[in-house]
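Asks: show me how the following folds:
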Amino acid sequence: MCASLSTVTVGAAPSVDSSRGRENASGEELTARADWVRAFNALFGILDQSGTPTYYSGGRFISKVREVDPYFPDYKQFIDERNRTNKSTSRRNYYYDILRDFDEDRRLRILHRILDDVESHEPSRVQDIRAILGGGVPGPTAEISPEAWSANRLARALDEIDDSITNRKYERGITLSYTCLEGYYKAFVRKRVPAAIDLKDVIDLSKEIKKYITTHYPTYPAEVLNMIGHVSHAVDRARNQLSESHFDGEAGRWLAVYVRDLVNTQIRLLEHFYGDNAA
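Replies: Modelled structure (predicted):
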């Protein structure tokens with residue numbers, strides 16, 4: 001079984017649990033496991049600050065877990081079961097056990113929800129923990145106009161990009177970034193340039209958007225508007241060439257984070273021209 005948390009130190013992975021079929025885990029899997037354990041150890045230092053806004057009681061922690069898994073036992077059910085089976089009711093131990101028993105995707109979702117909750121109080125420490133988890137700091141998320149075509153889909157995709165990067169699914173993260181940009185361009189053209197609604201290519205759509213802004217905002221800096229095309233080409237090229245270039249590891253993460261930030265920034269800019277207060 002995994003070592004108890006009292007024997008797990010920062011930078012060390014728990015022992016391999018052969019009953020879970022992990023005895024032949026790859027080096028990448030072992031590294032990922034060590035990463036989340038290190039992240040947990042760092043995070044618990046934030047959650048254990050009694051009398052501060054970051055303090056997490058058992059009930060608060062389990063409520064956050066239930067945001068990801070609504071059928072997880074509530075606090076009373078969980079503690080009763082721990083007592084019945086003579087397991088530790090130390091918060092540090094059972095927080096760790098809860099996270100360990102989830103698959104990697106849901107574990108990371110829980111960790112990031114908690115990080116989001118405490119980030120305003122401990123921004124530097126949270127940034128360090130996100131870096132340990134492999135996703136770095138999430139880029140500024142673009143807020144999509146609620147009336148935008150497929151706004152809910154775009155907003156979900158923006159959320160999923162960070163999850164993909166955190167889970168080292170860099171190609172998926174870049175593909176989602178492209179999907180966000182493509183979807184938003186179509187929404188923009190549908191509202192502002194309806195005559196071009198049949199266009200599908202990101203590059204062609206970006207040209208129509210640039211033309212619209214140039215026409216309606218002639219004093220807007222041309223250098224900034226030129227970036228609409230540059231960003232579109234960069235995202236399109238990254239999506240098309242990622243699999244051919246076989247980016248992985250840190251190089252893949254850097255590219256995925258860069259593309260994510262380009263898309264977020266592009267949408268944040270265009271939102272000024274999309275909204276009802278625009279021309």
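
Asks: worst mean pLDDT across the helices and strands of the protein, which element?
Replies: Lowest by mean pLDDT, DSSP states H and E among the helices and strands of the chain is helix 151-166, with a mean of 73.

Asks: low-confidence stretches in this structure?
Replies: Residues of the chain that meet the criterion pLDDT under 70 lie in 1-34, 134-155, 242-250, 276-279.

Asks: which stretches of it form helices?
Replies: 27-47, 58-68, 75-84, 91-101, 104-118, 123-133, 151-166, 170-192, 202-216, 222-245, 249-274 (DSSP state H).

Asks: columns mean neighbour count on top of the ones you listed, output as TSV?
Replies: Backbone N, C-alpha and C define where each C-beta goes, glycine included. TSV is the format used below for the helices of the chain (neighbours: other Cβ atoms under 10 Å):
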stretch	mean neighbour count
helix 27-47	18
helix 58-68	17
helix 75-84	13
helix 91-101	18
helix 104-118	18
helix 123-133	17
helix 151-166	19
helix 170-192	22
helix 202-216	17
helix 222-245	15
helix 249-274	19
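
Asks: ok, the one residue sitting closest to the centre of the chain to Thr175 distance?
Replies: Note on the chain: the residue nearest the mean C-alpha position is Asp162, at 2.1 Å, using Cα atoms, centre = their mean. For Asp162, the distance to Thr175 equals 14 Å [Cβ to Cβ, to the nearest Å].

Asks: equivalent analysis for Leu108, please.
Replies: 19 Å.

Asks: contact partners of stretch 200-211?
Replies: 178, 181-182, 185-186, 188-189, 192-193, 196, 199, 225-226, 228-229, 231-233, 235-236, 270 (Cβ atoms under 8 Å, 6 or more residues apart in numbering).

Asks: try 6 Å
Replies: Applying Cβ atoms under 6 Å, 6 or more residues apart in numbering, the external contacts of stretch 200-211 come out as 182, 185, 188-189, 193, 196, 199, 225, 228-229, 232, 236.

Asks: break this structure into its domains for me.
Replies: 26-133, 151-274 (automatic domain parsing).

Asks: starting at the chain centroid, how far to the longest one?
Replies: Right, the one you point to is domain 151-274. 17 Å (Cα atoms, centre = their mean, to the nearest Å).

Asks: repeat that for the shortest one.
Replies: Taking the mean of its C-alpha atoms, domain 26-133 sits 17 Å from the chain's own mean (Cα atoms, centre = their mean).

Asks: look up how far Phe273 lies from Val189.
Replies: Following Cβ to Cβ, the distance that separates Val189 from Phe273 is 12 Å.

Asks: now Arg156
Replies: Arg156 is 23 Å from Phe273, by Cβ to Cβ.

Asks: swap in Ala234?
Replies: Ala234 is 20 Å from Phe273, by Cβ to Cβ.

Asks: ok, His121 next?
Replies: Look at His121 and Phe273: by Cβ to Cβ, they are 35 Å apart.

Asks: likewise Glu182?
Replies: Taking Cβ to Cβ, one finds Glu182 at 18 Å from Phe273.

Asks: ok, Leu108 next?
Replies: Leu108 is 35 Å from Phe273, where distance means Cβ to Cβ.

Asks: again with Phe72
Replies: With distances taken as Cβ to Cβ, Phe72 is found 44 Å from Phe273.

Asks: for Asp105, which non-adjacent residue is closest in space?
Replies: Distances taken as Cβ to Cβ, 6 or more residues apart in numbering place Asn167 nearest to Asp105, at 6.1 Å, with adjacent residues excluded.

Asks: what's the spacing between that neighbour and Asp198?
Replies: From Asn167 to Asp198 the distance is 36 Å (Cβ to Cβ).

Asks: those two: which is more packed in?
Replies: Asn167 (18 against 7; other Cβ atoms under 10 Å).
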